[in-house]
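Visitor: Build me a model:
(one chain, ligands or ions: 1)
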Amino acid sequence: MVTNILVTGATGNVGQEVVRLLSLQELPVTAAVRNPIEAAKSFGSNVRCILFDFTNPDTFADAFAGINKLFLVRPPAIANIHKITPALNAAKRAGVEEIVFLSIIGADKNRIVPHYKIERAIEQLNISAIFLRCSFFMQNLNTTHREDIRLRDRLFMPAGNGRTSFIDVRDIAAVAVKILTEVPDKSKGELSRNRAYDLTGTVALTYYEVASIFTTVLGRQIQYTNSSIPIFVWQMLRQGFSWQFVLVMVGIYTTARYGLADLVTSNVHQLLEHIPISMQQYVEDYRQCWLCLQPIAVG
Ligand SMILES: NC(=O)c1ccc[n+]([C@@H]2O[C@H](COP(=O)([O-])OP(=O)(O)OC[C@H]3O[C@@H](n4cnc5c(N)ncnc54)[C@H](OP(=O)(O)O)[C@@H]3O)[C@@H](O)[C@H]2O)c1
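Guide: Presented below is the predicted three-dimensional model:
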C-alpha cells in the first residue's frame, strides 16, 4: 500500500524539514498549510500543498482524505487542547492509521504543558501513536534570539548556569522521517503501535559554553547575559513578543536554570546511526543568520 503522509506545521522549523526530506525520497507528502499558494512556491512541484487550519473544521475533510500517516505539529500559539482535538478526531474518521507527534521532553509527567493532553487525546484514538519528546531546539537561537545575537552580540535569557541538552531540528526531522517510512520487519515481530522517544543532543551545555562556541565560530565576542526574569520579560515585551510567548520562554529558561533541562539520551544516535548534530556544527551551518551587516550609507 502507498503511504500518504500529511505534515502539519509544514512551514515551521521541524515540519518544513520533514517535508523536504520526504520529498527528497520522492515519497508522497502533503503539506497541510494555511496558505497553499505561498507554500507551493517554496516546496516545489513534488509536494502537494493543501489548505488546513486547526481552527477551521471545514478544512479537515479535504486535508485528511486518502492520508494514512500524520506528522502532527501543535502550533505554539494554540495552547487550548479543544482547538486540537477536532482535527485529531477528523483524522481518525478519515482513516489515518498512525500519528507521529512532535512533543516536548517531560510531557509524560508535566500536566501543565499542552503536549501532555495532546498525547492522551492521541492515545484515546486507538491508532498507532509515536511521541517524539524533544529537548530545546538549537534553532531557537536563529529565530527567537537571532536579533540579540546579530545586533547586540549577546545571548540574553534568564537560564542561570543551568545546562540544556539542545537538539538540532534537522535531527528531529530525520528521526520523524525514519519512523514515518519504516516498514515492520515481520521476522522480528511487529513494531509496537505506541512508542515514545526522548530526543536530545549528545551534551548538555550552559549558555556560557554556547556563547563561547558562537564567539569562536563567528569570530567576534558573543556574551551570555544571564538576565533576571523581570528584566528579561520587560526587554522581550519591548522587542514585540507577546505576553503568552514571553511567559512560555520564562517557563523554559527557569526549567533550565534549576537543572531540569539537562537530560541526555542516546536515542537520536541509535535511531539515525550517526552522532547528533553538535552546537558547533549548527552555528557553522547557520552562521549567515548572525552576520552583523552594517547598513550601507546612501548619498
Ligand atoms: N522550540 C523548542 O525548543 C521546542 C522543543 C520541543 C517541542 N517544541 C514544540 O514544537 C512545536 C513547534 O514546532 P516548530 O518550532 O517546528 O513550529 P514553528 O516553527 O513555530 O511553526 C508553527 C507552524 O504552525 C503553523 N500554524 C500556526 N497556526 C496554525 C493553525 N491555526 N492551523 C494550522 N497550522 C498553523 C504555522 O503555519 P503558518 O505558516 O501558516 O503560520 C507553522 O507552520 C510546538 O508544539 C512546541 O511546543 C518546541
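Visitor: Distance from the host helix or strand of residue 116 to the middle of the chain?
Guide: Residue 116 is located in helix 114-124, with elements delineated by DSSP states H and E. Relative to its chain's centre, helix 114-124 lies at 17 Å (C-alpha atoms, centre = their mean, to the nearest Å).
Visitor: same check, this time on stretch 155-168
Guide: So, by C-alpha atoms, centre = their mean, the centroid of stretch 155-168 is 16 Å from its chain's centroid.
Visitor: hang on, the earlier thing: quick check: buried residues in the helix holding residue 116?
Guide: For helix 114-124, the neighbour count (16 or more other C-beta atoms under 10 Å) marks 114, 115, 116, 117, 118, 119, 121, 122 as buried. In short, each C-beta sits where N, CA and C put it, glycine included.
Visitor: and what of stretch 278-294?
Guide: Neighbour-count burial for stretch 278-294 [16+ other C-beta under 10 Å]: 278, 279, 281, 282, 283, 286, 290.
Visitor: what residues are up against residue 96?
Guide: 6, 64, 67, 68, 69, 70, 127 (C-beta atoms under 8 Å, 6 or more residues apart in numbering).
Visitor: can you rerun that using 7 Å?
Guide: Each residue near residue 96 by C-beta atoms under 7 Å, 6 or more residues apart in numbering is listed here: 64, 67, 68, 69, 70, 127.
Visitor: What number of residues are in the vicinity of the nearest residue to the last one once chain neighbours are set aside?
Guide: Put plainly, it is residue 127. Of all residues not flanking residue 127 in the chain, residue 97 sits nearest, at 5.6 Å (C-beta to C-beta, 6 or more residues apart in numbering). By other C-beta atoms under 10 Å, 15 other residues sit near residue 97.
Visitor: again, but for residue 80
Guide: 10.
Visitor: what's the answer for residue 8, then?
Guide: By other C-beta under 10 Å, neighbour count at residue 8 equals 26.
Visitor: Could you report the pLDDT at it?
Guide: Looking at residue 8, its pLDDT reads 98.
Visitor: and the residue of the stretch 1-150 of the chain found nearest the ligand, how many neighbours?
Guide: Going by C-beta to the nearest ligand atom, the ligand is nearest to residue 12 of the stretch 1-150 of the chain, at 2.3 Å. Number of residues near residue 12 (other C-beta under 10 Å) recorded here: 19.
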